[in-house]
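J.: coords please:
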Amino acid sequence: MIDLQLLRLDGNRFTTLFPIIPSTLPSLKLLDISRNSISGYIQDWLPAFPQLVALLMRGNDFFGCLPTSLCQMQQLRFLDLSNNRLSESIPSGLNNITSLLEKSELPLATDIMSLDYMEVKLKVNFATKKNLYSYEGLPLAQMTGINLSVNQLSESFQALKLLESLDLSHNKLVGMIPPQMIRLSFLSTFNVAFNQLSGKIPYENNFATFTKDSYIGNPGLCGPPTEVNCSSSPQPPHKEYKEGDVDEQSLIDNDLFFYSYVAISYILGFWIVVAPLLLSRNWRRKYYKVVDGCIEWCSDRLFWFLFYIKNNW
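T.: Numbers count the residues shown, from 1 in each chain. Next up is the predicted model:
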């Protein structure tokens with residue numbers, strides 16, 4: 001399908017990706033395989049899509065590192081790999097992507113006429129600001145964004161001049177936020193919450209517009225917009241995460257342990273009460289005698305209470 005430009009396969013139950021070979025879809029500009037169950041490494045098949053503008057793969061089960069071929073996608077404006085299990089570092093070559101460094105015409109900014117002359121409105125569904133937004137028309141032509149949140153990435157930040165949205169929350173980023181990030185004059189959405197970052201937060205230019213919600217879950221960060229004073233707060237030590245490391249999560253914080261504990265407690269509590277009633281007639285008589293006594297006592301108190309209200313009103 002050499003003329004295919006849009007391929008949306010999101011929201012299905014695919015477990016594997018379709019076979020990709022060089023020049024499979026040379027005209028493809030949008031690939032959306034979000035919200036499926038595709039697992040495995042992201043293979044080095046991106047050069048097969050030289051015109052790709054939007055790569056949307058959130059909500060799958062990809063793991064391993066990001067392919068270096070990502071840096072060859074010179075038309076790429078939207079990259080959403082959130083909610084996967086990607087690890088290691090972010091390729092440094094991302095800051096060489098032309099479309100994120102220089103203003104250029106967006107190939108997706110025009111409508112496509114199908115064979116039956118029906119106008120197709122081009123639209124990119126991109127997750128930013130904790131919501132999913134649909135970009136089309138002029139907003140689509142002006143928007144650029146990268147969302148790598150909810151993964152296990154350990155580093156790093158990139159100097160992408162035209163980037164407008166950057167979400168790296170819920171990863172394993174360590175170290176400081178580079179001060180040169182304040183040069184990203186187009187950046188309007190920035191989120192590094194729930195990592196292991198430390199040091200002073202850059203708070204100049206448009207970085208002064210970001211709230212503390214962009215930095216929560218990083219105890220080592222200080223300075224505005226947080227309430228932590230850099231001069232008085234000691235910086236906690238940081239652990240370098242390497243491949244093969246096990247999360248330092250205590251047993252009691254494990255979800256499986258929690259639900260197992262609840263189930264066992266429920267079963268034990270239930271049978272401690274029910275088993276004697278099933279096995280012992282005397283126990284049943286005593287139990288029902290106590291229950292009847294409680295019911296009679298409550299009924300008696302309720303009767304006198306209503307009697308008192310009736311006579312005094």
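J.: buried sites along stretch 183-199?
T.: 184, 186-199 (16 or more other CB atoms under 10 Å). In this view, the C-beta of every residue, glycine as well, is placed from N, C-alpha and C.
J.: I'd like the mean pLDDT over that stretch, please.
T.: For stretch 183-199, the mean pLDDT works out to 87.
J.: re earlier: can you tell me which of the buried residues of stretch 183-199 are in helices?
T.: Among those, DSSP state H puts none in helices.
J.: low-scoring stretches of the stretch 101-250 of the chain, by residue?
T.: Scanning the stretch 101-250 of the chain for pLDDT under 70 picks out the ranges 101-121, 155-161, 232-250.
J.: what about the helices in it?
T.: Using DSSP state H, counting those that start in this stretch, the helices of the stretch 101-250 of the chain run over residues 137-142.
J.: mind checking how far the residue nearest the centre of the chain is from E88?
T.: Centroid-nearest residue in the chain, with CA atoms, centre = their mean: V150, separated by 4.0 Å. From V150 across to E88, the span is 16 Å (CB to CB, to the nearest Å).
J.: quick one on the thing from earlier: closest to A141 among the buried residues of stretch 183-199?
T.: F186 (13.7 Å; CB to CB).
J.: Let's test this: mean pLDDT of the longest helix along the chain, rounded?
T.: Longest helix of the chain, by residue count under DSSP H: helix 281-312. Average pLDDT, helix 281-312: 82.
J.: what's that helix packed up against?
T.: helix 255-279 (3 or more CB pairs under 8 Å, 6 or more residues apart in numbering; DSSP states H and E).
J.: what is the orientation angle of the helix it packs on with helix 281-312?
T.: 100 degrees (axes from the mean of the first three to the mean of the last three CA atoms, to 10 degrees).
J.: got the buried residues for helix 255-279?
T.: Going by 16+ other CB under 10 Å, helix 255-279 has no buried residues at all.
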